[in-house]
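# Sequence first, predicted model second:
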Amino acid sequence: MVCLGGKMVGQVVKFGGNGFGQVLAAAAVAILVRLFSGPGPALLPEDEFADDEKNGVPGDDKAGEASVNGKVVPVTIRWNNITCSFSDKSSKQVRFLLKNVSGEAKPGRLLAIMGPSGSGKTTLLNVLARQLMASPRLHLSGLLEVNGIPISNIAYKFAYVRQEDLLFSQLTVRETLSLAAELQLPEISSVEERDEFVNNLLFKLGLVSCADSIVGDAKVRGISGGEKKRLSLACELIASPSVIFADEPTTGLDAFQAERVMETLRQLAQDGHTVICSIHQPRGSVYSKFDDIVLLTEGALVYAGPAHDEPLAYFTKFGYRCSDHVNPAEFLADLISVDYSSAESVYSSRKRIDGLVESFSEQLSTVLYATPFASRESPKNGKKLSKKTVVKRKETWWRQFWLLLKRAWMQASRDGPTNKVRARMSIASAIIFGSVFWRMGRSQTSIQDRMGLLQVAAINTAMAALTKTVGVFPKERAIVDRERAKGSYALGPYLLSKLIAEIPVGAAFPLMFGAVLYPMARLHPTLSRFGKFCGIVTAESFAASAMGLTVGAMAPTTEAAMALGPSLMTVFIVFGGYYVNADNTPIIFRWIPNVSLIRWAFQGLCINEFSGLKFDHQHSFDIETGEQALERLSFGGSHINDTVIAQSRILLFWYCTTYLILQKNKPKYQQLESLPLEQIQPQLQLEPVEPDKVKQLNPPMKQVELNQQLESPALDQIRPFILEGL
Ligand SMILES: Nc1ncnc2c1ncn2[C@@H]1O[C@H](COP(=O)(O)OP(=O)(O)OP(=O)(O)O)[C@@H](O)[C@H]1O
């Protein structure tokens, strides 16, 4: 596959002249065999399954049964002394994102992590879900337990609903859920059972009214933001997770939609799930749905315990009283936010916050337990959740392939706006080029025109396919990464289904381009030449799309992919056969034309156009035949078949590279360094705060209204914070 040349076989086989080509070719063949053979497990290394298990992927029959029956294994998560620091290379300072944070989330309860922007809510949520992206500059320590067992020794099923909704835009709500259920729960074999399962989910998440609407995106209006969020939740619920993590689920939603999403989370908690969400500043009606809250400010705990009136009672003890008719969430947010309006207000608000943080940490240290943290609990559920060593891939390779093919086809064929834009662009560029190169004759100057037109056609086709793919694939990759982390399917069937589903739609645009341009420019006027012209640009378009997949798999964002893709293509354009003659290419760059899809397309188009063509000539040095023109381009003796073979190899090369990159670039999460037992502080339990205990800790203070308290007094009027004397 790496011997992309077709002109001189010997030269081409020795790609790079050192046998490197054979090594790469052998590697590619090995990957292909892996890609297209055998059932699922062969496609994923063992450790991937291990990872999947760790990540809470359903791995046993019981789990599957639980999913179908909607049973949830109760899970309590406890965390103790979680500290996360970030070492800043430039300033050589260590910044604490989380400082000794402890807490507990229980089944059947909705826990909200609240705090001002940048207080560490998402960081804590990610730590609890073990989804904090790994970084050499981060240091994470503490203890995290699931049902009394350290997290590193246990697997449990969890769902993580991210801020960004990652869904296929052209599928309806019902189709999205149905396909997700088919992929994740193959044990539901009958269509009726699956429909019932999906209907139950639609009903539970309040999605019945929009079940047959498409999800939509920025181009096509689909379901609302709140419905998208609930659909994301529904997709996560298919595997019947014990714990649901939701990162700011109300962000970007209007008040009504936000309340519906939170009501859904509350109901899920009531169904026995442990629900943990981060939220910035909820309205009062949303706050009333929380069972427990964790208040964070600058990475430190200000309060953790039951929600409702308890935190208000707790802060009242320090003189911060929430007035009637004030949203408690707003009161708490104001209480723990630094006021940056003036130097004085910064000073006073910081003083208040430091006092509250210190007070709460003192409060924690008074709660003692008879048993050490790590050995306190050995629940019945521990066994149920423990990691299995043998994992069976439940889906067969072909079943996954067909389901993914169906989904990819729906996505590609229904994307009307994108397809319309591509069709218009193809026809418009064909009309522009056709007008510039209008009805070329057989004069000597038409030789240059022909070459220019064919080079431009090759570049235009490649660029159109590349930019379309790099614009779309990074987002799709995020969905695929998430689904693969759940163990829904393997990479092989995904990539193959994508390739096949996009053939009809992907071929339509080069065909439109060719159909308009060919007669306008009056290229070699036979039907078979026209067919070959269309075939060459179509093959090139697929090869460019495959290259776009690799770029999209490599680049971290769509923007990065959009910058990288065209830059890489520019190199292939330079060595596209028109600007630099293959014979004059410096030795160190000789391999580039061999891997340039533009060069192969240009070569094929030139052979197709010039072979058998006669030109008007007057002088002895004039070009008389098309073959002579081909000789001047160093394409003499080559065949169109070489182009087709080379483009197929380039396409396979990019597909295999994409496979390897996607396989290798699995997200890596920061490991939690466990603390020695003696360093672990007593565990916080989310019990109501005992007023007496608070009184002991804090001398009584004149109660003042919060609004009054939060006003920034003049610096000389700032009295010592009442908690300092503890
Ligand atoms: N991987 C990281 N490397 C360096 N700094 C980080 C990292 N992750 C988070 N931070 C920093 O930690 C702080 C807390 O971030 P986090 O996203 O947890 O806050 P948040 O409370 O969720 O904020 P918001 O409500 O605005 O989303 C921020 O200042 C952020 O810049």
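Perfect, thanks for sending it. Numbers count the residues shown, from 1 in each chain.

# going forward, measure contacts and count neighbours with C-alpha atoms only.
Will do.

# what's the pLDDT at residue 667?
For residue 667, the pLDDT comes out at 79.

# my guess is residue 465 contacts residue 537, does it?
No - using CA atoms under 8 Å, residue 465 and residue 537 do not qualify as a contacting pair, with a distance of 10.6 Å.

# Neighbour count: those two, which is higher?
A count of neighbours by other CA atoms under 10 Å puts residue 537 above the other of residue 465 and residue 537, at 28 against 24.

# what helix or strand does the more buried one sit in?
Applying DSSP states H and E as the criterion places residue 537 in helix 527-554.

# For that helix, name the packing helices and strands.
Counting contacts by 3 or more CA pairs under 8 Å, 6 or more residues apart in numbering; DSSP states H and E, helix 527-554 is packed against helix 445-485, helix 491-521, helix 558-574, helix 597-610, helix 640-664.

# I'd like the mean pLDDT over it, please.
On average, the pLDDT along helix 527-554 is 95.

# quick one: buried residues of that helix?
Going by neighbour count (16 or more other CA atoms under 10 Å), the buried part of helix 527-554 is 529-530, 532-554.

# residues near residue 260, how many?
Residues near residue 260, counting by other CA under 10 Å: 18.

# Wait, residue 201 touches residue 234, no?
Yes - the pair residue 201 / residue 234 is scored as a contact, 6.5 Å apart, by CA under 8 Å.

# And those two? Which one has more around it.
Shown here are residue 201 and residue 234; by other CA under 10 Å, residue 234 has more neighbours (25 against 22).

# Run the angle between the helix or strand harbouring the more buried one and helix 445-485 for me.
Per DSSP H and E, residue 234 falls inside helix 225-237. Counting by axes from the mean of the first three to the mean of the last three CA atoms, to 10 degrees, helix 225-237 lies at 60 degrees to helix 445-485.

# Mind checking if whichever helix or strand comes after helix 225-237 is in reach of the ligand?
Downstream of helix 225-237, the next assigned helix or strand under DSSP H and E is strand 243-247. No - Strand 243-247 stays out of contact with the ligand when judged by CA under 6 Å from any ligand atom, the minimum separation being 8.2 Å.

# What is strand 243-247 packed up against?
Judged by 3+ CA pairs under 8 Å, 6+ apart, strand 243-247 is in contact with helix 121-129, strand 158-161, strand 274-279.

# Taking strand 274-279 as reference, get the angle to that strand.
Using the same axes, to 10 degrees: strand 243-247 against strand 274-279 is 10 degrees.

# next one: strand 243-247 to chain centre, how far?
17 Å (CA atoms, centre = their mean, to the nearest Å).

# Quickly run through the sheet partners of that strand, with directions.
Strand 243-247 pairs in its sheet with strand 158-161 (parallel), strand 274-279 (parallel), by DSSP bridges.

# Quick one, which of the ones you listed gets closest to residue 399.
Among these, the nearest to residue 399 by CA to CA is strand 158-161 (24.4 Å).

# what is the mean pLDDT for that closest one?
Across strand 158-161, pLDDT averages out at 91.

# OK, contacts around the residue nearest the centre of the chain?
For the chain, the residue sitting closest to the mean C-alpha position, by CA atoms, centre = their mean, is residue 478 at 2.2 Å. Applying CA atoms under 8 Å, 6 or more residues apart in numbering to residue 478 gives the contacts residue 166.

# Quick check, the residue in the stretch 401-550 of the chain closest to the ligand?
residue 478 (18.3 Å; CA to the nearest ligand atom).

# Residue 168 versus that residue, what's the distance?
Distance, residue 478 to residue 168, by CA to CA, to the nearest Å: 11 Å.

# pLDDT below threshold where in the stretch 101-250 of the chain?
Applying pLDDT under 70 to the stretch 101-250 of the chain flags no residue at all.

# CA atoms only for the helix holding residue 234 - export them in CSV, please.
The C-alpha trace of helix 225-237 is given here as CSV (Å, rounded to 0.1, in the frame of the first residue of the first chain):
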residue,chain,number,x,y,z
GLY,A,225,-31.6,22.3,23.9
GLY,A,226,-33.4,20.8,26.9
GLU,A,227,-34.6,17.9,24.8
LYS,A,228,-31.1,17.3,23.6
LYS,A,229,-29.8,17.2,27.1
ARG,A,230,-32.5,14.7,28.1
LEU,A,231,-31.8,12.6,25.0
SER,A,232,-28.1,12.5,26.0
LEU,A,233,-29.2,11.4,29.4
ALA,A,234,-31.5,8.7,27.9
CYS,A,235,-28.6,7.4,25.8
GLU,A,236,-26.5,7.1,29.0
LEU,A,237,-29.3,5.4,30.8
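
# by contact count, what packs against that helix?
Counting contacts by 3+ CA pairs under 8 Å, 6+ apart, helix 225-237 packs against strand 158-161, helix 173-184, helix 255-270.

# Dump the C-alpha coordinates for the shortest one into CSV.
Once side chains and other backbone atoms are set aside, the C-alpha atoms of strand 158-161 remain, and they are given as CSV (Å, rounded to 0.1, in the frame of the first residue of the first chain):
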residue,chain,number,x,y,z
PHE,A,158,-21.8,5.1,35.5
ALA,A,159,-23.0,7.6,33.0
TYR,A,160,-21.3,10.9,32.3
VAL,A,161,-23.4,13.6,30.7
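
# residues in contact with it?
Outside strand 158-161, the residues within contact range by CA under 8 Å, 6+ apart are 55-57, 129, 232-233, 236-237, 241-247, 249.

# Identify, from the residues you listed, the entry nearest to residue 430.
residue 232 (41.6 Å).

# check contacts around the closest one.
By CA under 8 Å, 6+ apart, the residues touching residue 232 are 161, 165, 166, 167.

# Can you tell me which residue of the stretch 451-600 of the chain sits closest to the ligand?
Closest point on the stretch 451-600 of the chain to the ligand, by CA to the nearest ligand atom, is residue 556, at 14.9 Å.

# Look at the nearest residue to that residue once chain neighbours are set aside and report its pLDDT.
Closest residue to residue 556 apart from its sequence neighbours, by CA to CA, 6 or more residues apart in numbering: residue 474 at 7.6 Å. Confidence at residue 474, expressed as pLDDT, is 89.
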